[in-house]
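Chemist: I'll drop the sequence and a predicted model, then ask my questions.
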Amino acid sequence: QPVKTASHVTKPIDFHFCTDERIKQHGESQPGPEYKEMDFAAALRRHPPSPSRVGKGPTVPKPFNLSCGNKRKLDEPPTEYVSLAQQVESFQKRTPLRYHLRSRKEEEGTGPSRPLKPRLTNPKTPRLETKNRSRPVTCKSTVELEDEEVAKLQ
């Protein structure tokens, strides 16, 4: 029979965001180190190995809560009974006036104080601007077309 090894459970590690370390101050205000030329290959080998290759042992899962109980408990004292009419009245008092419909009596009262007297209207001919066209009309009128046809036939 094969010998079973004791299986270790994986342990999760909280992820650390390095964005705060990347925030830099303005170049003029911070006296940073001067630019130095470095050997490219040496700079590549200087960094530690990537965390994916480093074995950190088994991970341990954290217990998680799939659902939280939002159910009302029986221990809570029951709230005082408020009738529906009182609830509606309090809601209407709470609602701003601009959302209430205006009554017709109020609308009639807010109109002009004296009605306008009807006057006779003076008809005016429209001032069309076709006479002032800068481009001449290239389409021939029916009279000109008929004259040309008569000339062709004769």
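Modeler: All right, it came through fine. Numbers count the residues shown, from 1 in each chain.

Chemist: helix, strand or coil for the closest residue to V60 other than its chain neighbours?
Modeler: Leaving aside its sequence neighbours, V60 sits nearest to K11 (CB to CB, 6 or more residues apart in numbering; 3.4 Å). Placement of C-beta: from N, CA and C, glycine included. Recorded secondary structure, K11: coil (DSSP: H, G, I helix; E, B strand; the rest coil).

Chemist: now swap in the one 10 residues further on and tell me
Modeler: Using three-state DSSP, the three-state assignment for E21 comes out as helix.

Chemist: Share the number of residues neighbouring it, please.
Modeler: 8 (other CB atoms under 10 Å).

Chemist: Ok, T125 next?
Modeler: T125: 5 neighbours (other CB under 10 Å).

Chemist: Could you check how far it is from K131?
Modeler: Per CB to CB, to the nearest Å, T125 is found 13 Å from K131.

Chemist: Return the residues in contact with the residue nearest to V60.
Modeler: By CB atoms under 8 Å, 6 or more residues apart in numbering, the residues touching K11 are G57, P58, T59, V60.

Chemist: for these, which one is nearest H16?
Modeler: Checking those against H16 with CB to CB, the nearest one is T59 at 16.0 Å.

Chemist: need the contact list for A151.
Modeler: Counted by CB under 8 Å, 6+ apart, A151 has zero contacts.

Chemist: Give the buried residues for the helix or strand harbouring it.
Modeler: Element membership of A151, judged by DSSP states H and E, is helix 142-153. Across helix 142-153, burial judged by 16 or more other CB atoms under 10 Å covers no residue at all.

Chemist: May I have it as CSV, with CA atoms only?
Modeler: What follows is helix 142-153 as a C-alpha-only set of coordinates in CSV (Å, rounded to 0.1, in the frame of the first residue of the first chain):
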residue,chain,number,x,y,z
THR,A,142,-42.6,77.2,-69.4
VAL,A,143,-43.1,80.2,-71.8
GLU,A,144,-39.5,80.1,-72.9
LEU,A,145,-39.6,76.3,-73.4
GLU,A,146,-42.7,76.5,-75.5
ASP,A,147,-41.2,79.3,-77.6
GLU,A,148,-38.1,77.1,-78.3
GLU,A,149,-40.2,74.1,-79.3
VAL,A,150,-42.2,76.3,-81.7
ALA,A,151,-38.9,77.6,-83.2
LYS,A,152,-37.6,74.0,-83.6
LEU,A,153,-40.8,72.9,-85.4
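
Chemist: This completes my enquiry, with thanks.
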